[in-house]
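K.L.:
pasting the sequence and the predicted model now:
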Amino acid sequence: MRNTGRALAVAVTAFALAAPATAAPAAPAADTLTVMSFNTWHGGAQVSDGINKIAQQITSAGADVVSLQEYSTDSTKKIAAKLGWYYTDTGTHVDIVSRLPFEGEDWTSTGNGVVAVKIKGIWIYSAHLSYTQYGPYNACFDNDSYETIYADEATRRKQAQEILSWAGSSPAIIAGDLNSPSHLDWTADTKSVHCNSVVAWPATKVFADAGYWDSYREVNPNEAATPGNTWSPVVKQNAGRPEPQDRIDFILYRGGSLDATSSRTWGGGSGWPSDHLAVVSRFTL
């Protein structure tokens, strides 16, 4: 977890970095950073007044920087305008908004497309892995063998490995919707709520094996008592079957003096603008 240096050997696709809509608010304490991962359900387009609701939730969560997934048209620009924050404008399904200015920025098409910004000396990544061949459906609906489950996870495993290769060894926070449960959650202690299965989900294990800590599970180590499900506060049925409820949104970190001091799911209830819960983690630097 204490690695230094940054290696970028992968070709990068350029993107436009827009200036903040208004002057950014004063920076928080220099030794802390609060990060939010927020799948915006097609940029707030699935609910009424979605942009305002997303901006309000970001403010209420006390986030300093937000990894956004599921872009729609100019949704990131509109969210940033409501907040008066800095933002990336990749034109893809991943972006970042921040109350703090960017010290650097980068984007790559590897890992299904990932955007990165440097804030307070830390590279922060927004990721959104492939949603096809969703693993819990293999386990819960199709009763597939473990061999089949792991084979169908090959794309997400590859995308995770690509992100790791691109990120290098510098201190980093990788936040996003991985469209995969965690190997820390589908354990012998939770088989009864996970279709009687114990699965070492490859995408999260790739990051763990590379030294990344899962901030939520680090702070909330009992997977049975605090499952932290983020999918889904909205989707509870699937063709007459119970929709598997899982933790598929993550804030992972590695390196330097970074340490997660708190982590929680965020959202739900009336007026919540997403079909995912968000995750909010606070770090000391």
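P.N.:
Thanks, I have the structure now.
K.L.:
for I124, give me its contacts.
P.N.:
For I124, the contacting residues are 35, 65, 67, 96, 116-118, 172-173, 175, by CB atoms under 8 Å, 6 or more residues apart in numbering. The C-beta positions use only the backbone N, C-alpha and C, and glycine is treated the same way.
K.L.:
repeat that for L129.
P.N.:
Counting by CB under 8 Å, 6+ apart, L129 has contacts 111-112, 155-156, 159-160, 176-180, 203.
K.L.:
kindly report the same for R217.
P.N.:
By CB under 8 Å, 6+ apart, the neighbours of R217 are 182, 184-185, 223, 228.
K.L.:
could I get the average pLDDT for the helix or strand where it lies?
P.N.:
Assessed by DSSP states H and E, R217 sits inside helix 215-219. Helix 215-219 carries an average pLDDT of 98.
K.L.:
swap in stretch 68-77?
P.N.:
Stretch 68-77 comes out at a mean pLDDT of 95.
K.L.:
and for stretch 266-276?
P.N.:
Stretch 266-276 comes out at a mean pLDDT of 97.
K.L.:
what does that stretch rub up against?
P.N.:
With CB under 8 Å, 6+ apart, stretch 266-276 has contacts from 36, 38-41, 44, 46-47, 50, 53-54, 57, 61, 177, 230-235, 248-249, 277-280.
K.L.:
report the separation between the two terminal residues of it.
P.N.:
End-to-end span of stretch 266-276 (CA to CA, to the nearest Å): 9 Å.
K.L.:
now do the buried residues in it.
P.N.:
Along stretch 266-276, these residues count as buried under the neighbour rule (16 or more other CB atoms under 10 Å): 266-267, 272-276.
K.L.:
which is the next helix or strand following the lowest-mean-pLDDT helix or strand in the chain?
P.N.:
Here the helix or strand of the chain ranked lowest by mean pLDDT, DSSP states H and E is strand 16-18, holding a mean of 45. Once strand 16-18 ends, the next helix or strand along the chain (criterion: DSSP H and E) is strand 32-39.
K.L.:
put the alpha carbons of that next one into CSV.
P.N.:
What follows is strand 32-39 as a C-alpha-only set of coordinates in CSV (Å, rounded to 0.1, in the frame of the first residue of the first chain):
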residue,chain,number,x,y,z
THR,A,32,-8.4,15.1,4.3
LEU,A,33,-10.3,14.3,1.2
THR,A,34,-13.9,13.0,0.8
VAL,A,35,-14.6,11.0,-2.3
MET,A,36,-18.0,10.0,-3.7
SER,A,37,-18.8,7.4,-6.4
PHE,A,38,-22.1,8.2,-8.0
ASN,A,39,-23.8,6.3,-10.9
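K.L.:
okay, the angle between the next helix-or-strand element following it and strand 32-39?
P.N.:
Sequence-wise, the next helix or strand downstream of strand 32-39 (DSSP H and E) is helix 50-61. Counting by axes from the mean of the first three to the mean of the last three CA atoms, to 10 degrees, helix 50-61 points 150 degrees away from the direction of strand 32-39.
K.L.:
tell me the strands beside whichever helix or strand comes after helix 50-61, with direction?
P.N.:
Sequence order places strand 65-69 as the next helix or strand after helix 50-61, per DSSP H and E. Next to strand 65-69 in the sheet, as set by DSSP bridges, lie strand 32-39 (parallel), strand 94-98 (antiparallel).
K.L.:
contacts for strand 65-69 next, please.
P.N.:
33-40, 58, 76, 79, 93-100, 117, 119, 124-128, 175-177, 251.
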